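Asks: heads up, no residue letters with this:
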(Lines give C-alpha, C1' and ligand atoms only; values in the text may rest on other atoms or scores of the structure.)
Protein backbone atom coordinates (compact mmCIF):
# COMPACT_ATOMS: atom_id res chain seq x y z
CA UNK A 1 0.00 0.00 0.00
CA UNK A 2 2.22 2.79 -1.25
CA UNK A 3 0.90 6.00 -2.66
CA UNK A 4 -0.34 9.37 -1.55
CA UNK A 5 -2.33 11.12 -0.49
CA UNK A 6 -4.16 8.47 1.50
CA UNK A 7 -7.66 9.64 2.17
CA UNK A 8 -9.06 6.80 4.24
CA UNK A 9 -9.69 7.44 7.92
CA UNK A 10 -8.80 11.09 7.90
CA UNK A 11 -5.13 10.76 7.09
CA UNK A 12 -4.40 14.20 5.80
CA UNK A 13 -0.76 14.30 4.85
CA UNK A 14 2.39 12.28 4.45
CA UNK A 15 5.46 14.11 5.63
CA UNK A 16 8.81 13.84 3.90
CA UNK A 17 11.20 11.27 5.38
CA UNK A 18 12.56 12.47 8.66
CA UNK A 19 15.41 9.98 8.81
CA UNK A 20 15.17 10.00 12.58
CA UNK A 21 13.49 7.12 14.33
CA UNK A 22 11.80 8.54 17.38
CA UNK A 23 9.31 5.72 17.51
CA UNK A 24 8.45 4.65 21.00
CA UNK A 25 10.17 7.61 22.59
CA UNK A 26 8.38 10.72 23.78
CA UNK A 27 8.69 13.71 21.49
CA UNK A 28 11.21 16.30 22.60
CA UNK A 29 9.72 19.59 23.79
CA UNK A 30 8.82 21.84 20.88
CA UNK A 31 8.28 19.00 18.44
CA UNK A 32 4.98 20.52 17.40
CA UNK A 33 6.92 23.42 15.92
CA UNK A 34 8.44 21.21 13.24
CA UNK A 35 7.04 21.66 9.73
CA UNK A 36 5.43 18.24 10.11
CA UNK A 37 3.48 19.46 13.12
CA UNK A 38 2.26 22.57 11.29
CA UNK A 39 1.17 20.61 8.23
CA UNK A 40 -1.76 19.11 10.06
CA UNK A 41 -3.07 22.48 11.08
CA UNK A 42 -3.67 20.98 14.54
CA UNK A 43 -2.04 22.46 17.62
CA UNK A 44 -1.60 19.34 19.68
CA UNK A 45 -0.84 19.63 23.39
CA UNK A 46 1.98 17.62 24.86
CA UNK A 47 -0.23 14.73 26.04
CA UNK A 48 -1.72 14.52 22.55
CA UNK A 49 1.73 14.38 20.95
CA UNK A 50 2.62 11.56 23.31
CA UNK A 51 -0.61 9.68 22.56
CA UNK A 52 -0.18 10.07 18.79
CA UNK A 53 3.61 9.72 18.61
CA UNK A 54 4.14 8.24 15.11
CA UNK A 55 5.21 4.58 15.09
CA UNK A 56 6.26 2.35 12.20
CA UNK A 57 3.38 0.79 10.30
CA UNK A 58 5.49 -2.38 10.10
CA UNK A 59 5.53 -2.57 13.91
CA UNK A 60 1.77 -2.30 14.04
CA UNK A 61 1.47 -4.97 11.32
CA UNK A 62 3.79 -7.29 13.26
CA UNK A 63 1.83 -6.84 16.51
CA UNK A 64 -1.43 -7.49 14.67
CA UNK A 65 0.02 -10.69 13.23
CA UNK A 66 1.06 -11.81 16.74
CA UNK A 67 -2.28 -10.83 18.30
CA UNK A 68 -4.36 -12.69 15.70
CA UNK A 69 -1.98 -15.65 15.78
CA UNK A 70 -2.38 -15.69 19.55
CA UNK A 71 -6.19 -15.69 19.22
CA UNK A 72 -5.99 -18.93 17.21
CA UNK A 73 -3.72 -20.61 19.80
CA UNK A 74 -5.74 -19.24 22.71
CA UNK A 75 -9.16 -20.26 21.45
CA UNK A 76 -8.07 -23.74 20.40
CA UNK A 77 -5.65 -24.61 23.17
CA UNK A 78 -4.94 -22.17 25.97
CA UNK A 79 -8.31 -21.06 27.27
CA UNK A 80 -11.00 -23.59 26.50
CA UNK A 81 -13.25 -23.40 29.57
CA UNK A 82 -15.77 -21.38 27.53
CA UNK A 83 -15.98 -24.17 24.99
CA UNK A 84 -16.69 -26.78 27.69
CA UNK A 85 -19.42 -24.56 29.14
CA UNK A 86 -21.41 -25.61 26.07
CA UNK A 87 -21.86 -28.93 27.87
CA UNK A 88 -22.64 -27.47 31.31
CA UNK A 89 -26.27 -27.28 32.39
CA UNK A 90 -27.80 -23.77 31.94
CA UNK A 91 -28.64 -23.84 35.68
CA UNK A 92 -25.00 -22.80 36.29
CA UNK A 93 -25.21 -19.75 33.97
CA UNK A 94 -24.82 -16.43 35.83
CA UNK A 95 -25.06 -13.58 33.32
CA UNK A 96 -22.58 -10.72 33.74
CA UNK A 97 -23.70 -7.10 33.18
CA UNK A 98 -22.59 -7.38 29.54
CA UNK A 99 -24.86 -10.40 29.07
CA UNK A 100 -27.79 -8.69 30.81
CA UNK A 101 -27.41 -5.62 28.61
CA UNK A 102 -27.14 -7.58 25.36
CA UNK A 103 -29.51 -10.43 26.38
CA UNK A 104 -26.82 -13.05 25.76
CA UNK A 105 -28.13 -16.59 26.21
CA UNK A 106 -26.59 -19.41 28.26
CA UNK A 107 -24.01 -21.42 26.34
CA UNK A 108 -25.01 -24.34 24.14
CA UNK A 109 -22.82 -26.72 22.18
CA UNK A 110 -23.86 -24.97 18.93
CA UNK A 111 -23.00 -21.50 20.29
CA UNK A 112 -19.56 -22.44 21.64
CA UNK A 113 -18.66 -24.26 18.41
CA UNK A 114 -19.73 -21.22 16.37
CA UNK A 115 -17.72 -18.83 18.58
CA UNK A 116 -14.70 -21.10 18.61
CA UNK A 117 -14.43 -21.80 14.88
CA UNK A 118 -15.74 -18.35 13.91
CA UNK A 119 -12.98 -16.68 15.97
CA UNK A 120 -10.32 -18.97 14.52
CA UNK A 121 -11.48 -18.45 10.91
CA UNK A 122 -11.70 -14.66 11.35
CA UNK A 123 -8.27 -14.50 13.03
CA UNK A 124 -6.64 -16.57 10.27
CA UNK A 125 -8.25 -14.36 7.64
CA UNK A 126 -7.16 -11.22 9.54
CA UNK A 127 -3.56 -12.48 9.54
CA UNK A 128 -3.50 -12.00 5.78
CA UNK A 129 -3.75 -8.27 6.44
CA UNK A 130 -6.77 -7.89 4.17
CA UNK A 131 -9.96 -6.05 5.21
CA UNK A 132 -8.31 -5.15 8.53
CA UNK A 133 -11.29 -3.39 10.07
CA UNK A 134 -14.01 -5.86 9.12
CA UNK A 135 -11.95 -8.93 10.00
CA UNK A 136 -10.27 -7.33 13.04
CA UNK A 137 -13.53 -6.30 14.63
CA UNK A 138 -15.09 -9.69 13.81
CA UNK A 139 -12.25 -11.29 15.79
CA UNK A 140 -12.81 -8.76 18.59
CA UNK A 141 -16.52 -9.64 18.88
CA UNK A 142 -15.92 -13.41 18.56
CA UNK A 143 -13.08 -13.60 21.07
CA UNK A 144 -14.82 -11.30 23.58
CA UNK A 145 -18.05 -13.29 23.40
CA UNK A 146 -16.11 -16.53 23.80
CA UNK A 147 -14.48 -15.10 26.95
CA UNK A 148 -17.89 -13.94 28.15
CA UNK A 149 -19.14 -17.53 27.88
CA UNK A 150 -16.10 -18.67 29.85
CA UNK A 151 -16.65 -16.11 32.62
CA UNK A 152 -20.43 -16.27 33.06
CA UNK A 153 -20.43 -19.57 34.97
CA UNK A 154 -19.24 -18.28 38.32
CA UNK A 155 -15.57 -17.48 37.81
CA UNK A 156 -14.02 -14.51 36.05
CA UNK A 157 -10.36 -14.71 35.11
CA UNK A 158 -8.89 -11.34 35.93
CA UNK A 159 -6.05 -11.26 33.43
CA UNK A 160 -7.86 -11.19 30.09
CA UNK A 161 -9.73 -7.88 29.99
CA UNK A 162 -6.89 -5.74 28.61
CA UNK A 163 -6.70 -7.87 25.46
CA UNK A 164 -10.16 -6.59 24.51
CA UNK A 165 -8.54 -3.15 24.14
CA UNK A 166 -5.93 -4.53 21.73
CA UNK A 167 -8.54 -6.33 19.61
CA UNK A 168 -10.80 -3.27 19.53
CA UNK A 169 -8.15 -0.66 18.71
CA UNK A 170 -5.60 -2.42 16.46
CA UNK A 171 -8.08 -2.47 13.53
CA UNK A 172 -8.47 1.34 13.71
CA UNK A 173 -5.21 1.74 11.79
CA UNK A 174 -6.53 0.21 8.58
CA UNK A 175 -4.15 -1.40 6.08
CA UNK A 176 -0.63 -1.93 7.44
CA UNK A 177 2.02 -4.15 5.90
CA UNK A 178 5.12 -5.67 7.42
CA UNK A 179 7.16 -3.99 4.71
CA UNK A 180 5.63 -0.53 5.24
CA UNK A 181 8.52 1.66 6.42
CA UNK A 182 6.40 4.74 6.98
CA UNK A 183 5.48 5.88 10.44
CA UNK A 184 1.93 6.83 11.27
CA UNK A 185 0.10 8.60 14.06
CA UNK A 186 -2.75 6.08 13.83
CA UNK A 187 -0.28 3.20 14.39
CA UNK A 188 1.41 5.14 17.18
CA UNK A 189 -1.94 5.69 18.86
CA UNK A 190 -2.96 2.02 18.64
CA UNK A 191 0.39 0.87 20.04
CA UNK A 192 0.24 3.47 22.82
CA UNK A 193 -3.29 2.39 23.76
CA UNK A 194 -2.18 -1.24 23.97
CA UNK A 195 0.81 -0.24 26.11
CA UNK A 196 -1.42 1.85 28.38
CA UNK A 197 -3.91 -0.99 28.85
CA UNK A 198 -1.13 -3.48 29.58
CA UNK A 199 0.53 -1.25 32.17
CA UNK A 200 -2.84 -0.30 33.69
CA UNK A 201 -3.26 -4.01 34.41
CA UNK A 202 -0.31 -3.91 36.80
CA UNK A 203 -1.25 -0.68 38.52
CA UNK A 204 -4.93 -1.60 38.88
CA UNK A 205 -4.11 -5.04 40.26
CA UNK A 206 -2.06 -3.33 43.01
CA UNK A 207 -5.13 -1.14 43.54
CA UNK A 208 -7.34 -4.25 43.77
CA UNK A 209 -4.98 -5.79 46.34
CA UNK A 210 -5.43 -2.74 48.58
CA UNK A 211 -9.19 -2.66 47.97
CA UNK A 212 -9.91 -6.36 48.56
CA UNK A 213 -6.95 -7.52 50.61
CA UNK A 214 -6.19 -4.32 52.50
CA UNK A 215 -2.73 -2.86 53.05
CA UNK A 216 -1.90 -6.00 55.07
CA UNK A 217 -1.98 -7.94 51.77
CA UNK A 218 1.82 -7.66 51.58
CA UNK A 219 2.12 -9.47 54.92
CA UNK A 220 -0.57 -12.07 54.25
CA UNK A 221 -0.11 -15.71 53.21
CA UNK A 222 -1.65 -15.22 49.77
CA UNK A 223 1.36 -16.62 47.90
CA UNK A 224 1.54 -19.55 50.34
CA UNK A 225 -2.08 -20.26 49.48
CA UNK A 226 -1.29 -20.15 45.75
CA UNK A 227 1.65 -22.53 46.11
CA UNK A 228 -0.31 -24.90 48.39
CA UNK A 229 -3.16 -25.02 45.90
CA UNK A 230 -1.24 -25.24 42.65
CA UNK A 231 2.50 -25.17 43.29
CA UNK A 232 4.76 -27.10 40.92
CA UNK A 233 7.25 -29.65 42.34
CA UNK A 234 10.10 -27.14 41.88
CA UNK A 235 8.23 -24.42 43.81
CA UNK A 236 7.20 -26.52 46.84
CA UNK A 237 10.49 -25.84 48.64
CA UNK A 238 9.35 -22.22 48.94
CA UNK A 239 6.81 -23.40 51.53
CA UNK A 240 9.68 -24.54 53.76
CA UNK A 241 11.30 -21.09 53.55
CA UNK A 242 8.28 -18.88 54.20
CA UNK A 243 10.18 -15.55 54.06
CA UNK A 244 10.78 -16.02 50.31
CA UNK A 245 7.09 -15.83 49.42
CA UNK A 246 6.56 -13.11 52.02
CA UNK A 247 9.23 -10.87 50.45
CA UNK A 248 8.04 -11.73 46.97
CA UNK A 249 4.71 -10.13 47.87
CA UNK A 250 6.46 -6.87 48.81
CA UNK A 251 8.49 -6.86 45.58
CA UNK A 252 5.48 -7.68 43.42
CA UNK A 253 3.25 -5.06 45.06
CA UNK A 254 5.91 -2.35 44.71
CA UNK A 255 6.59 -3.25 41.08
CA UNK A 256 2.87 -3.17 40.23
CA UNK A 257 2.24 0.13 41.99
CA UNK A 258 5.16 1.81 40.21
CA UNK A 259 4.56 0.15 36.81
CA UNK A 260 3.39 3.40 35.09
CA UNK A 261 6.91 4.80 35.58
CA UNK A 262 7.79 2.72 32.50
CA UNK A 263 6.49 5.59 30.35
CA UNK A 264 9.02 8.01 31.84
CA UNK A 265 12.05 5.81 31.22
CA UNK A 266 14.51 6.04 28.35
CA UNK A 267 13.93 3.57 25.52
CA UNK A 268 16.79 1.37 26.72
CA UNK A 269 15.46 1.16 30.32
CA UNK A 270 11.90 0.76 29.09
CA UNK A 271 12.94 -2.41 27.27
CA UNK A 272 14.77 -3.60 30.37
CA UNK A 273 11.60 -3.03 32.41
CA UNK A 274 9.60 -5.07 29.88
CA UNK A 275 12.24 -7.82 30.10
CA UNK A 276 11.91 -7.67 33.90
CA UNK A 277 8.16 -8.24 33.65
CA UNK A 278 8.69 -11.17 31.29
CA UNK A 279 11.09 -12.71 33.83
CA UNK A 280 8.48 -12.21 36.56
CA UNK A 281 5.79 -13.91 34.46
CA UNK A 282 8.13 -16.80 33.61
CA UNK A 283 8.88 -17.31 37.33
CA UNK A 284 5.18 -17.23 38.16
CA UNK A 285 4.51 -19.84 35.50
CA UNK A 286 7.30 -22.06 36.79
CA UNK A 287 5.96 -21.80 40.36
CA UNK A 288 2.18 -22.04 39.99
CA UNK A 289 1.60 -22.69 36.23
CA UNK A 290 -0.35 -19.47 35.87
CA UNK A 291 0.49 -17.20 32.96
CA UNK A 292 -1.42 -14.15 31.82
CA UNK A 293 -0.98 -15.07 28.15
CA UNK A 294 -3.01 -12.33 26.40
CA UNK A 295 -1.32 -9.73 28.56
CA UNK A 296 2.12 -11.05 27.60
CA UNK A 297 1.27 -10.53 23.93
CA UNK A 298 0.22 -6.96 24.71
CA UNK A 299 3.53 -6.22 26.45
CA UNK A 300 5.20 -6.88 23.08
CA UNK A 301 3.78 -3.50 21.97
CA UNK A 302 6.77 -1.92 23.74
CA UNK A 303 9.30 -3.70 21.52
CA UNK A 304 10.63 -2.94 18.01
CA UNK A 305 8.78 -5.90 16.51
CA UNK A 306 9.46 -4.78 12.94
CA UNK A 307 13.15 -5.62 13.46
CA UNK A 308 12.20 -9.16 14.44
CA UNK A 309 10.09 -9.42 11.29
CA UNK A 310 13.02 -8.16 9.21
CA UNK A 311 15.43 -10.55 10.91
CA UNK A 312 13.10 -13.47 10.22
CA UNK A 313 12.64 -12.51 6.60
CA UNK A 314 16.37 -12.49 5.98
CA UNK A 315 16.76 -15.97 7.40
CA UNK A 316 13.65 -17.75 6.19
CA UNK A 317 13.96 -20.00 3.16
CA UNK A 318 12.91 -18.15 0.00
CA UNK A 319 9.86 -20.32 -0.53
CA UNK A 320 8.39 -19.66 2.94
CA UNK A 321 9.09 -15.96 2.50
CA UNK A 322 7.27 -15.96 -0.84
CA UNK A 323 4.22 -17.57 0.75
CA UNK A 324 4.25 -15.08 3.60
CA UNK A 325 4.63 -12.25 1.11
CA UNK A 326 1.52 -13.37 -0.68
CA UNK A 327 -0.57 -13.56 2.50
CA UNK A 328 0.60 -10.53 4.43
CA UNK A 329 2.35 -8.16 2.06
CA UNK A 330 5.69 -9.09 3.55
CA UNK A 331 7.96 -7.68 0.83
CA UNK A 332 11.09 -5.61 1.02
CA UNK B 1 10.63 3.02 -0.38
CA UNK B 2 8.48 5.70 1.23
CA UNK B 3 9.51 6.36 4.80
CA UNK B 4 7.39 9.43 5.55
CA UNK B 5 4.98 10.07 8.40
CA UNK B 6 1.23 9.62 7.97
CA UNK B 7 -0.64 12.17 10.07
CA UNK B 8 -4.17 12.05 11.44
CA UNK B 9 -6.73 14.83 11.09
CA UNK B 10 -8.20 16.64 14.07
CA UNK B 11 -11.45 14.69 14.02
CA UNK B 12 -9.64 11.33 13.84
CA UNK B 13 -7.52 12.33 16.80
CA UNK B 14 -10.50 13.61 18.75
CA UNK B 15 -12.53 10.41 18.59
CA UNK B 16 -9.49 8.28 19.37
CA UNK B 17 -8.66 10.41 22.41
CA UNK B 18 -12.31 10.20 23.49
CA UNK B 19 -12.25 6.40 23.23
CA UNK B 20 -9.11 6.22 25.39
CA UNK B 21 -10.64 8.58 27.96
CA UNK B 22 -13.84 6.51 28.04
CA UNK B 23 -11.93 3.23 28.44
CA UNK B 24 -9.77 4.75 31.19
CA UNK B 25 -12.91 5.96 32.97
CA UNK B 26 -14.60 2.56 32.75
CA UNK B 27 -11.51 0.64 33.93
CA UNK B 28 -10.96 3.04 36.85
CA UNK B 29 -14.64 2.95 37.84
CA UNK B 30 -14.55 -0.85 37.67
CA UNK B 31 -11.51 -0.92 39.92
CA UNK B 32 -12.98 1.62 42.35
CA UNK B 33 -16.55 0.36 42.76
CA UNK B 34 -17.07 -2.47 40.27
CA UNK B 35 -16.85 -6.20 40.74
CA UNK B 36 -16.58 -9.36 38.64
CA UNK B 37 -19.91 -8.92 36.79
CA UNK B 38 -18.45 -5.70 35.30
CA UNK B 39 -16.15 -7.73 33.06
CA UNK B 40 -14.22 -6.60 31.03
CA UNK B 41 -14.11 -3.49 33.23
CA UNK B 42 -14.13 -5.26 36.60
CA UNK B 43 -11.28 -4.95 39.09
CA UNK B 44 -8.02 -6.83 38.41
CA UNK B 45 -8.28 -8.82 41.60
CA UNK B 46 -6.19 -11.91 40.84
CA UNK B 47 -4.52 -13.00 44.08
CA UNK B 48 -5.83 -9.84 45.74
CA UNK B 49 -7.34 -11.36 48.86
CA UNK B 50 -5.36 -11.54 52.08
CA UNK B 51 -4.83 -15.04 53.38
CA UNK B 52 -4.30 -15.13 57.15
CA UNK B 53 -0.77 -16.28 57.91
CA UNK B 54 -2.22 -18.79 60.39
CA UNK B 55 -5.41 -20.62 59.42
CA UNK B 56 -6.36 -23.05 56.72
CA UNK B 57 -6.26 -23.16 52.93
CA UNK B 58 -9.50 -24.57 51.55
CA UNK B 59 -9.54 -26.84 48.54
CA UNK B 60 -12.80 -28.26 47.20
CA UNK B 61 -13.19 -31.41 45.15
CA UNK B 62 -15.75 -34.02 44.11
CA UNK B 63 -15.96 -37.75 44.77
CA UNK B 64 -18.14 -40.12 42.75
CA UNK B 65 -19.57 -43.61 42.74
CA UNK B 66 -20.08 -45.74 39.63
CA UNK B 67 -22.26 -48.80 38.96
CA UNK B 68 -19.13 -50.96 38.96
CA UNK B 69 -18.19 -49.89 42.51
CA UNK B 70 -21.43 -48.64 44.10
CA UNK B 71 -19.99 -48.42 47.63
CA UNK B 72 -16.66 -46.74 46.92
CA UNK B 73 -16.26 -42.96 46.84
CA UNK B 74 -13.53 -42.19 44.34
CA UNK B 75 -12.06 -38.69 43.83
CA UNK B 76 -12.93 -37.44 40.34
CA UNK B 77 -11.37 -34.56 38.41
CA UNK B 78 -13.36 -31.34 38.71
CA UNK B 79 -12.28 -29.87 35.39
CA UNK B 80 -14.04 -28.36 32.34
CA UNK B 81 -13.24 -31.35 30.15
CA UNK B 82 -14.89 -33.81 32.55
CA UNK B 83 -17.93 -31.90 33.93
CA UNK B 84 -18.05 -28.68 31.86
CA UNK B 85 -17.13 -26.57 34.92
CA UNK B 86 -13.95 -25.99 36.89
CA UNK B 87 -13.18 -26.14 40.59
CA UNK B 88 -13.50 -22.41 41.24
CA UNK B 89 -16.92 -22.33 39.56
CA UNK B 90 -18.14 -25.02 41.96
CA UNK B 91 -16.42 -23.41 44.98
CA UNK B 92 -18.24 -20.16 44.27
CA UNK B 93 -21.63 -21.88 44.22
CA UNK B 94 -21.44 -23.94 47.46
CA UNK B 95 -24.46 -22.22 49.11
CA UNK B 96 -26.68 -22.97 46.08
CA UNK B 97 -25.41 -26.57 45.94
CA UNK B 98 -26.07 -27.11 49.66
CA UNK B 99 -29.59 -25.69 49.18
CA UNK B 100 -30.24 -27.78 46.04
CA UNK B 101 -27.99 -30.89 46.02
CA UNK B 102 -29.87 -32.09 42.93
CA UNK B 103 -27.76 -29.59 40.96
CA UNK B 104 -24.90 -32.07 41.32
CA UNK B 105 -26.87 -34.42 39.04
CA UNK B 106 -26.23 -32.00 36.13
CA UNK B 107 -22.49 -32.61 36.59
CA UNK B 108 -23.04 -36.35 36.16
CA UNK B 109 -25.10 -35.63 33.01
CA UNK B 110 -22.39 -33.33 31.59
CA UNK B 111 -19.79 -35.99 32.40
CA UNK B 112 -21.82 -38.59 30.50
CA UNK B 113 -22.02 -36.24 27.47
CA UNK B 114 -18.34 -35.28 27.55
CA UNK B 115 -16.97 -38.75 28.38
CA UNK B 116 -19.43 -41.23 26.85
CA UNK B 117 -16.86 -44.05 27.11
CA UNK B 118 -16.28 -43.66 30.88
CA UNK B 119 -18.40 -45.45 33.54
CA UNK B 120 -21.47 -43.34 34.38
CA UNK B 121 -21.53 -41.60 37.78
CA UNK B 122 -24.36 -42.90 39.95
CA UNK B 123 -23.63 -40.67 42.95
CA UNK B 124 -21.60 -37.54 43.51
CA UNK B 125 -20.56 -35.55 46.57
CA UNK B 126 -18.69 -32.31 47.15
CA UNK B 127 -15.83 -32.56 49.63
CA UNK B 128 -13.98 -29.67 51.26
CA UNK B 129 -10.41 -30.22 52.38
CA UNK B 130 -8.84 -27.77 54.79
CA UNK B 131 -5.05 -27.72 54.82
CA UNK B 132 -3.89 -26.21 58.10
CA UNK B 133 -1.29 -23.42 57.84
CA UNK B 134 0.58 -22.02 60.86
CA UNK B 135 2.81 -18.98 60.43
CA UNK B 136 2.72 -19.27 56.59
CA UNK B 137 3.72 -22.94 56.72
CA UNK B 138 1.47 -25.99 56.11
CA UNK B 139 1.55 -28.28 59.16
CA UNK B 140 0.58 -31.42 57.26
CA UNK B 141 -2.82 -31.59 59.00
CA UNK B 142 -5.76 -31.92 56.58
CA UNK B 143 -9.42 -31.77 57.66
CA UNK B 144 -12.08 -33.17 55.34
CA UNK B 145 -15.80 -32.43 55.25
CA UNK B 146 -18.68 -33.48 52.94
CA UNK B 147 -20.77 -30.45 51.95
CA UNK B 148 -23.48 -31.93 49.69
CA UNK B 149 -24.40 -35.23 48.13
CA UNK B 150 -26.54 -36.47 45.23
CA UNK B 151 -27.37 -39.94 43.98
CA UNK B 152 -29.12 -41.09 40.82
CA UNK B 153 -32.06 -42.53 42.76
CA UNK B 154 -33.14 -45.97 43.88
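Replies: Ah, there it is. Source: prediction; values computed, not measured. Residues are numbered from 1 along each chain as shown, chains lettered A, B, ... in the order given.

Asks: any stretches of the chain with poor pLDDT?
Replies: If you meant another chain, say so; for now it's chain A. The model of chain A has pLDDT under 70 over residues A:1-44, A:319, A:321, A:324-332.

Asks: chain B is the one I meant
Replies: Where chain B drops to pLDDT under 70, the residues are B:1-2, B:48-52, B:154.

Asks: secondary structure class of the residue nearest to the spatial centre of it, three-state.
Replies: Centroid-nearest residue in chain B: residue B:88, 2.4 Å away (criterion: Cα atoms, centre = their mean). Three-state call for residue B:88 (DSSP: H, G, I helix; E, B strand; the rest coil): helix.

Asks: mind listing what it touches?
Replies: Neighbouring residues of residue B:88 by Cβ atoms under 8 Å, 6 or more residues apart in numbering or on different chains: A:154-155. From N, CA and C alone the C-beta is placed, and that goes for glycine too.

Asks: let's see it at 6 Å
Replies: residue A:155 (Cβ atoms under 6 Å, 6 or more residues apart in numbering or on different chains).

Asks: give me the residues contacting stretch A:70-80.
Replies: In contact with stretch A:70-80 (Cβ under 6 Å, 6+ apart) are residues A:116, A:119-120, A:123, A:139, A:143, A:293, A:297.

Asks: of the residues you listed, which is the nearest to chain B?
Replies: residue A:143 (11.1 Å; Cβ to the nearest Cβ).

Asks: quick check: the closest one touching residue A:119?
Replies: Yes: Residue A:143 is within contact range of residue A:119, at 5.2 Å (criterion: Cβ atoms under 6 Å).

Asks: so the two - more neighbours on which side?
Replies: Using other Cβ atoms under 10 Å in any protein chain shown, the more surrounded residue of residue A:143 and residue A:119 is residue A:143, with 29 against 26.

Asks: so how far is the helix or strand encompassing the more buried one from its chain's centroid?
Replies: Assigned by DSSP states H and E, residue A:143 belongs to helix A:132-151. In terms of Cα atoms, centre = their mean, to the nearest Å, the centre of helix A:132-151 is set 14 Å apart from its chain centre.

Asks: can you list contacts of it?
Replies: Helix A:132-151 has contacts (Cβ under 6 Å, 6+ apart) with A:71, A:81-82, A:85, A:98, A:107, A:115, A:118-119, A:122-123, A:125-126, A:160, A:164, A:167-168, A:171, A:174-175, B:39.

Asks: among those, which ones are in helices?
Replies: Secondary structure from DSSP state H places A:71, A:81-82, A:98, A:115, A:118-119, A:122-123, A:125-126, A:164, A:167-168 of those in helices.

Asks: which SSE is residue A:252 in?
Replies: Going by DSSP H and E, residue A:252 is part of helix A:242-257.

Asks: buried ones in that helix?
Replies: For helix A:242-257, burial by neighbour count (16 or more other Cβ atoms under 10 Å in any protein chain shown) applies to A:242, A:245-246, A:248-249, A:252-253, A:255-257.
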